[in-house]
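*Asks:* Build me a model from this:
(chains A and B)
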Protein chains: 2
Amino acid sequence: MTDTLTTIGFDADDTLWQNEHFYKLTEGRFLELLDEHGEHEVLSSRLLEAEKRNLALYGFGIKGFTLSMIETAIEVTDGQVSASVIAEILAAGRDMLRHPVETLPHVRETLEALAAEYRMVLITKGDLFDQERKLAESGLGELFAAVEIVSNKDTDTYLRIFAEHGDGPERSMMVGNSLRSDIVPAIKAGSWGVYVPHALNWSLEHDEEPLAAPRYRRLAHLGDLIPLIGEIGDGAA
Amino acid sequence: MTDTLTTIGFDADDTLWQNEHFYKLTEGRFLELLDEHGEHEVLSSRLLEAEKRNLALYGFGIKGFTLSMIETAIEVTDGQVSASVIAEILAAGRDMLRHPVETLPHVRETLEALAAEYRMVLITKGDLFDQERKLAESGLGELFAAVEIVSNKDTDTYLRIFAEHGDGPERSMMVGNSLRSDIVPAIKAGSWGVYVPHALNWSLEHDEEPLAAPRYRRLAHLGDLIPLIGEIGDGAA
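*Replies:* Sure, this is the predicted structure:
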C-alpha cells in the first residue's frame, strides 16, 4: 500500500509543551504595569495590533513580543512611560525566555511509543535559539529523526519537509494545535492533519476546521493519537 | 583520492554580504542619542557587556541587540532615559531589519562558478527570520544545496552538517570571516578552514589564527577562493 504512514510531524508550542500560557501571564504583567493608561481590553488590542504590524519584521517569538510590548507601552502612554516600566517589560521578556518547559499530558509516552515505528520530525516556528532551548530542556530531542525550525509554515513547507525527511506528504501526518499553521497547509500538501486543540490559542493562529477533508481529524488530547493511527492503518480514508 | 573536496560551507554575514557595518551604524545612532550620559567609549563597552550578558538568553541577531541597547540606555541614564529615546532605539532596530542586502565583492561570480562543481551549504547563525530575508534578497539562494541556520557554530555543528549534506568533514571546506565560529571549529572537525577577514569583526568573534593547521588558509577576499581550490586539488596539504 503506497499510502502507508511512515512519517509524523509534530508542532512544538502548545502541542508538546505549554507556551501560550506564558505569553498570557506576561501579558497580564504588562497590563498591570500600564493599568492607569487604559482598560485592559483596549491595551490588549493595542498590543495585538503592534504584534501584527511587526510580524513581517520580527517573525514569531519572545524577543519580538518583548519589543512589541515596549512599543505599545510608549504608544498608550503618549510617550510618558517611565524607564522603570520599560525595565520591567524587559525583565518579563527575559523571564519568558527562561521559563521551565512543561510537557503536556500524554506527550512523552505517546512519542516514545511512536518513535519505534515512525520517523518523527519536529516542525516548529519561532525564535531558533528559544526553540532549541525548549527542545533540549524537554528531554524529547532524541525521539526526533529531524528538527525543522522554520520562519513560517505553509503548504510548501510541508511539501519540502515531508519529501526531505519522509516518503512524501501522502505518507505523512502533521499533528498540532494551530489550524492555520499545522493543519490546513499540511492537508493542502496531501498529508494527514491531526488537530489537537489547546485551551489557549493565539488569535493569529485561528482558521476554519477543514471538516470536509478526508484526511482531517480532531483529537481531544495527544493520548488519542495512537488509537487514531491504528484506525488509519486499517484503511480509514 | 578519498579526500577530494566535494562540499563547501559558506558563512553569510560579512562573508557574503555586509552585516557588522549596519551594527556599527546603529551603534553610532545609539551613542548620539545618549551623548550626554557618558563618553562614547564607555557607552560602547556598557552595551557590549549587556550583549555578552544576554547572549545566553537572546542568542545572536538584531532583535536581541535592540533589547540590549534599550537595557543599556536605562542603565547608563540611571533610569532617566525618556520614552522618546527608547522609541528611537526601537526604530533603529526596525531599520536594521529592513536594511538592503549588499553582497561583498567577488561573491556572486565566485559562488556561481563553484556551484556547478561543488555542493554548497550556507551555514549561518542569528535570527532565523532575518537570515532568511537576507538570503532571499541576496538572490544567492538557488546556488546552495542546503541552508543551515544554527544557533551556534561549534565542532559538532560542522561534523553534523558536513555528514548530512556532504561526504564528511574531510571532503569539506568552510569559508568565513570569523575565526571563532567558522574556521577554528571547522578545522577541528577535520575540514579545510578558509579565513576571509572582513574589515569589521565583532569583538566576540575573535580568536587565534590556527597557523599551524595544515588545512588552514587565509585569503584577502573571496575572489581568491577559486585559485586556492585549484591548488588544493593539486594535492596541497
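
*Asks:* In three-state terms, label A:Glu208 for me.
*Replies:* Secondary structure assignment for A:Glu208 (DSSP: H, G, I helix; E, B strand; the rest coil): coil.

*Asks:* Quick check, it in contact with A:Ile183.
*Replies:* No - if you go by CB atoms under 8 Å, A:Glu208 and A:Ile183 don't touch, sitting 10.0 Å apart. Bear in mind the C-beta positions are built from the backbone N, C-alpha and C, glycine included.

*Asks:* out of the two, which sits in the more crowded spot?
*Replies:* Set side by side, A:Glu208 and A:Ile183 show more neighbours around A:Ile183, with 30 against 9, by other CB atoms under 10 Å in any protein chain shown.

*Asks:* can you list the residues of chain A near chain B?
*Replies:* Residues of chain A found near chain B (CB under 8 Å from any CB of the partner chain) are A:54, A:57-61, A:63-64, A:66-67, A:70-71, A:73-74, A:77, A:79-84, A:86-87, A:90, A:93-94, A:97-98, A:127-130, A:132, A:149-151.

*Asks:* in what helix or strand does A:Arg133 lie?
*Replies:* Assigned by DSSP states H and E, A:Arg133 falls within helix A:128-138.

*Asks:* Partner strands of the helix or strand that comes right after that helix and their direction?
*Replies:* Next along the chain after helix A:128-138, taking DSSP H and E as the criterion, comes strand A:146-150. Its sheet considered, strand A:146-150 pairs with strand A:119-125 (parallel) by DSSP bridges.

*Asks:* about what we covered before: can you tell me which helices and strands the helix holding A:Arg133 packs against?
*Replies:* strand A:146-150 (3 or more CB pairs under 8 Å, 6 or more residues apart in numbering or on different chains; DSSP states H and E).

*Asks:* Counting by contacts, list what the helix or strand just after the strand it packs on packs against.
*Replies:* Using DSSP H and E, the next helix or strand after strand A:146-150 towards the C-terminus is helix A:155-164. Of the remaining helices and strands, those touching helix A:155-164 by 3+ CB pairs under 8 Å, 6+ apart are strand A:7-10, strand A:119-125, strand A:146-150, strand A:172-176, helix A:184-189.

*Asks:* Nearest to A:His221, out of the ones you listed?
*Replies:* With CB to CB as the measure, strand A:172-176 is the member of these nearest A:His221 (11.3 Å).

*Asks:* average pLDDT for the closest one?
*Replies:* Averaging pLDDT along strand A:172-176 yields 98.

*Asks:* then it to PDB, C-alphas only?
*Replies:* Coordinates of the C-alpha atoms in strand A:172-176 are reproduced here as PDB (Å, rounded to 0.1, in the frame of the first residue of the first chain):
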ATOM      1  CA  SER A 172       3.000  11.700   6.400                       C
ATOM      2  CA  MET A 173       0.900  13.200   9.100                       C
ATOM      3  CA  MET A 174       1.100  16.600  10.900                       C
ATOM      4  CA  VAL A 175      -0.100  16.900  14.500                       C
ATOM      5  CA  GLY A 176      -0.600  20.300  16.000                       C
END
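
*Asks:* what's downstream of the longest helix seen in chain A, the next helix or strand?
*Replies:* As assigned by DSSP state H, the longest helix anywhere in chain A is helix A:40-58. Using DSSP H and E, the helix or strand that follows helix A:40-58 in sequence is helix A:62-76.

*Asks:* Between helix B:40-58 and that next one, find me the angle.
*Replies:* Helix A:62-76 runs at 120 degrees relative to helix B:40-58, counting by axes from the mean of the first three to the mean of the last three CA atoms, to 10 degrees.

*Asks:* average pLDDT for helix A:62-76?
*Replies:* Helix A:62-76 carries an average pLDDT of 97.

*Asks:* got the angle for it vs helix B:128-138?
*Replies:* Computed by the same axes, to 10 degrees, the angle between helix A:62-76 and helix B:128-138 is 90 degrees.

*Asks:* OK, contacts around A:Ile89?
*Replies:* Taking CB atoms under 8 Å, 6 or more residues apart in numbering or on different chains as the criterion, A:Ile89 is in contact with A:Phe30, A:Leu33, A:Thr66, A:Met69, A:Ile70, A:Ala73.

*Asks:* Okay, and it sits in which element?
*Replies:* Element membership of A:Ile89 [criterion: DSSP H and E] is helix A:83-98.

*Asks:* now that helix against helix B:40-58, angle please.
*Replies:* 40 degrees.

*Asks:* Let me know the angle separating the helix or strand that helix A:83-98 is followed by from strand A:172-176.
*Replies:* Counting by DSSP H and E, the next helix or strand C-terminal to helix A:83-98 is helix A:107-115. Helix A:107-115 and strand A:172-176 meet at an angle of 180 degrees, taking the same axes, to 10 degrees as the criterion.

*Asks:* Restricting to C-alpha, output helix A:107-115 in PDB.
*Replies:* Output in PDB follows, covering the C-alpha atoms of helix A:107-115 (Å, rounded to 0.1, in the frame of the first residue of the first chain):
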ATOM      1  CA  VAL A 107       3.100  13.600  25.300                       C
ATOM      2  CA  ARG A 108       6.100  11.700  26.500                       C
ATOM      3  CA  GLU A 109       4.500   8.200  26.400                       C
ATOM      4  CA  THR A 110       2.900   8.800  23.100                       C
ATOM      5  CA  LEU A 111       6.100  10.000  21.400                       C
ATOM      6  CA  GLU A 112       8.100   7.200  23.000                       C
ATOM      7  CA  ALA A 113       5.700   4.600  21.700                       C
ATOM      8  CA  LEU A 114       5.500   6.000  18.200                       C
ATOM      9  CA  ALA A 115       9.300   6.700  17.800                       C
END
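
*Asks:* What lies in contact with that helix?
*Replies:* A:8, A:10, A:16-17, A:120, A:140, A:143-144, A:222-223, A:225-226, A:229.
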